[in-house]
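In: Below is the sequence, then the predicted model.
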Amino acid sequence: MLGEKDFMNVFDDMGKYWAEIADQSPTDKQVQFIKNTVDPQGLILDLACGTGRHLIPLAEEGYSLVGLDISPHLLAIAKSRWKNADLVRADMRFLPFKTGAFAAAVSLDTSFGYLPSEEDDSKSLKGVRLALGINGVLVVDVFNREHLIEKHKAKSQPKWREYPSFFLLQERSVVGDGGELRDEWVIRYKSDGQIRVFHHVVRLYALDQLRGLLEKAGFEVYDVLGDYERQKFSFGSNRLILVAQRR
């Protein structure tokens, strides 16, 4: 079960090590997806922006964005990468913005599902709706729950992966009838061989659940996609991406 400490600290605790992991994600594809989906006119809110890996390239291409994250360490990394980044440290449940301040909001690469409860996730979506103007667009990109359940039915032997300053051993499981993804991350530093262990937990949503949360929060879902090249969603898709408009 997710707790307040879990959601507050895992990425902040990892700091630069999480930045190295995130930097190997398909950022270019994700940024291109936003360019193909979200109108560049108006202000965009990047929810859980982390190190700014989506915000910075979009801003460099003329998009106007505000990045929000709860982690001071990740926001510091984002600021160090681009000093002009407009960043806000805040909890997604308590957005510090005026009503209608944004034309769009994006939650990319499974940044949604870390709050302590489903009710908290719902509360955050209602806050996003208030922060969006009339007909504002919201993009929510998460893991496809059904794909992960199928993929992790059989236990596989974890392998060490190499990053610039450490090696990572990841043991992953889907628990709670598919309701949670859990990772144990063992990091071995190259500098001195020391080892640290981090535990990562994220809530997984099926399509109908996530659509229901969005509709309850006052959104109308008008596109359901399965990956960043705008493939239509299926149970075998890698991603579950919902594009919705504020009602």
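Out: Great, that's in hand.

In: what's near enough to touch the one residue sitting closest to the centre of the chain?
Out: In the chain, the C-alpha nearest the mean C-alpha coordinate belongs to residue 111, at 1.7 Å (C-alpha atoms, centre = their mean). Residues near residue 111 by C-beta atoms under 8 Å, 6 or more residues apart in numbering: 47-48, 50, 141. Any C-beta I mention is one placed from the backbone N, CA and C, and that applies to glycine too.

In: With residue 33 instead?
Out: Counted by C-beta under 8 Å, 6+ apart, residue 33 has contacts 141, 228-230, 241.

In: Spatially, which two of these are the most separated?
Out: 141 and 229 (12.9 Å; C-beta to C-beta).

In: Which one's more surrounded, these two?
Out: A side-by-side neighbour count of residue 141 and residue 229, using other C-beta atoms under 10 Å, places residue 141 first with 22 against 10.

In: so which helix or strand takes in the more buried one?
Out: Element membership of residue 141 [criterion: DSSP states H and E] is strand 132-143.

In: Now stretch 96-113: buried residues?
Out: 97, 101-113 (16 or more other C-beta atoms under 10 Å).

In: looking at this, residue 146 is in a helix?
Out: Yes: Residue 146: assigned to a helix according to DSSP: H, G, I helix; E, B strand; the rest coil.

In: Distance check, the nearest residue to it once chain neighbours are set aside against residue 104.
Out: Leaving aside its chain neighbours, residue 146 sits nearest to residue 235 (4.4 Å; criterion: C-beta to C-beta, 6 or more residues apart in numbering). Here the criterion is C-beta to C-beta, to the nearest Å. By it, residue 235 lies 28 Å from residue 104.

In: Kindly report the same for residue 164.
Out: Counting by C-beta to C-beta - residue 164 and residue 104 are separated by 33 Å.

In: In contact with residue 241, which residues?
Out: 33, 139-142, 223-228, 233.

In: what about 6 Å?
Out: With contact set as C-beta atoms under 6 Å, 6 or more residues apart in numbering, residue 241 has these partners: 141, 225.

In: Pull up the gap between the residue in the chain sticking out farthest from the centre and residue 97, please.
Out: Computed with C-alpha atoms, centre = their mean, the residue of the chain farthest from its C-alpha average is residue 192, at 31.5 Å. Residue 192 sits 43 Å away from residue 97, going by C-beta to C-beta.

In: ranges for the helices of the protein?
Out: Here the chain has its helices, by DSSP state H, at 4-14, 16-22, 27-37, 55-60, 72-81, 118-131, 145-151, 207-216.

In: Reformat those into a markdown table and put distance to residue 168 and mean pLDDT next to each item.
Out: As requested, the helices of the chain are exported to a markdown table (distance: least, C-beta to C-beta, whole Å; pLDDT from 0 to 100):
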| stretch | distance to residue 168 | mean pLDDT |
| --- | --- | --- |
| helix 4-14 | 10 | 72 |
| helix 16-22 | 7 | 96 |
| helix 27-37 | 18 | 97 |
| helix 55-60 | 24 | 96 |
| helix 72-81 | 18 | 97 |
| helix 118-131 | 28 | 98 |
| helix 145-151 | 19 | 94 |
| helix 207-216 | 29 | 98 |
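
In: Save those helices as TSV, and put in distance to residue 172 too.
Out: Shown next, in TSV, are those (distance: least, C-beta to C-beta, whole Å):
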stretch	distance to residue 172
helix 4-14	14
helix 16-22	13
helix 27-37	21
helix 55-60	27
helix 72-81	22
helix 118-131	21
helix 145-151	8
helix 207-216	21
